[in-house]
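Trainee: here is my input; please provide its structure:
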Amino acid sequence: MLSPAELFDVSDKVVVVTGGSRGIGEMIASGFVHAGARVYISSRKADACEAVAAELSEHGVCVSAPADLSTLEGVRSLVKQVGEAEERVDVLVNNAGITWGAPLEEYPDDAFDRVFALNVKSVFHSTVQFLPMLRAAATPEDPGRVINIGSIEGLRVPDWENYAYPASKAGVHMLTRHLAHRLASESITVNAIAPGLFPSRMTAFVSSDPEAAAAVEQAVPLRRWGRPEDAAGAAIFLASHAGSYLTGAVIPVDGGVATHG
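Mentor: Residues are numbered from 1 along each chain as shown. Below you'll find the predicted structure:
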């Protein structure tokens, strides 16, 4: 039986976090860095990516690998950057994503194209393109790991008008299950985290208004916003020995919001 420290050990694992320069992606990347992993973060904005990588490198190993993952060419660029330095990838965290809110009858057609390109297609392309490096890391005892970042809004109807984003995250959840079924025989697990309310650029329209932030917080059964350790802890669990027998799962990390139905 492994000790608790061994059970959750991710030290020396090679971890790629897309959208790792801000929000939940940065929280997860920071958690892995502090836990001793070698972490590569990707972001469309090179300056932001390099700044966060430099900051996190004060606590361990974090490398900037900027790329626009809304295109297949951008995904291949990221894989090339990581492949030039590493022979394997133990953990791929598909976090990059965007949102778009607008009233029903004003919702722009191109919003669906942009949101689905990054939120769904990039998850598929990143997983496929990183497969050789994931296979190089995978063993039956310690599988390769793919962790997709979905959303509680992919499990329940949101309280605001935002049509493409929830639909895209529901797609991520089903894609997670499909990929998990396909890759299980190759000792690669695929799971999703469905975050609820976390402080990020996407939720700034709420968090910047103290009255609105307090009202939204009261709608969360645990009566608080998510914290960095909540996001990082779920990801580290899925990447560690503790999570090695879990695949095809969508885990709500939402303070109980999903219990509302």
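Trainee: next up, the contacts around the nearest residue to residue 119 once chain neighbours are set aside.
Mentor: Setting aside the residues directly before and after it, residue 119 is nearest to residue 168 in space (Cβ to Cβ, 6 or more residues apart in numbering), at 3.8 Å. Every residue, glycine included, has its C-beta placed from N, CA and C. Shown in contact with residue 168 (Cβ atoms under 8 Å, 6 or more residues apart in numbering): 97, 115-116, 119-120, 154.
Trainee: likewise residue 91?
Mentor: Applying Cβ under 8 Å, 6+ apart, we find residue 91 in contact with 10, 13-16, 32, 37, 144-147, 239.
Trainee: possible to save those as CSV with neighbour count?
Mentor: Below are these laid out as CSV (neighbours: other Cβ atoms under 10 Å):
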residue, neighbour count
10, 21
13, 22
14, 22
15, 29
16, 30
32, 30
37, 25
144, 25
145, 28
146, 27
147, 26
239, 31
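Trainee: what is the nearest of these to residue 177?
Mentor: Checking these against residue 177 with Cβ to Cβ, the nearest one is residue 146 at 11.9 Å.
Trainee: just the element for that closest one, please.
Mentor: Element membership for residue 146, per DSSP states H and E: strand 144-149.
Trainee: who touches the helix or strand harbouring residue 252?
Mentor: Secondary structure from DSSP H and E places residue 252 in strand 250-253. The contact list for strand 250-253 (Cβ under 8 Å, 6+ apart) reads 150, 152, 155, 173, 176-177, 191-196, 226, 230-231, 234, 238, 258.
Trainee: please repeat the previous calculation with a cut-off of 7 Å.
Mentor: Contact with strand 250-253 is made by 150, 152, 155, 173, 176, 191-196, 226, 230-231, 234, 258, as judged by Cβ atoms under 7 Å, 6 or more residues apart in numbering.
Trainee: spit out the contact partners of the nearest residue to residue 48 once chain neighbours are set aside.
Mentor: Nearest residue to residue 48 in three dimensions, chain neighbours excluded: residue 21, at 4.6 Å (Cβ to Cβ, 6+ apart). Going by Cβ under 7 Å, 6+ apart, residue 21 touches 41, 43, 48-49, 52.
Trainee: what do you get if the cut-off is 10 Å, keeping everything else the same?
Mentor: Taking Cβ atoms under 10 Å, 6 or more residues apart in numbering, we find residue 21 in contact with 29, 41-53, 55-56, 64, 66, 96.
Trainee: what's the average pLDDT for stretch 252-261?
Mentor: The average pLDDT within stretch 252-261 is 89.
Trainee: run the chain-centre distance for that stretch.
Mentor: 18 Å (Cα atoms, centre = their mean, to the nearest Å).
Trainee: likewise for stretch 68-79?
Mentor: Counting by Cα atoms, centre = their mean, stretch 68-79 comes out at 16 Å from the chain centroid.
Trainee: just stretch 184-191 next, same as before
Mentor: Computed by Cα atoms, centre = their mean, the chain-centroid distance of stretch 184-191 equals 17 Å.
Trainee: pull out the buried residues from it.
Mentor: By 16 or more other Cβ atoms under 10 Å, the buried positions in stretch 184-191 come out as 187-191.
Trainee: what of stretch 90-101?
Mentor: In stretch 90-101, counting by 16+ other Cβ under 10 Å, buried: 90-100.
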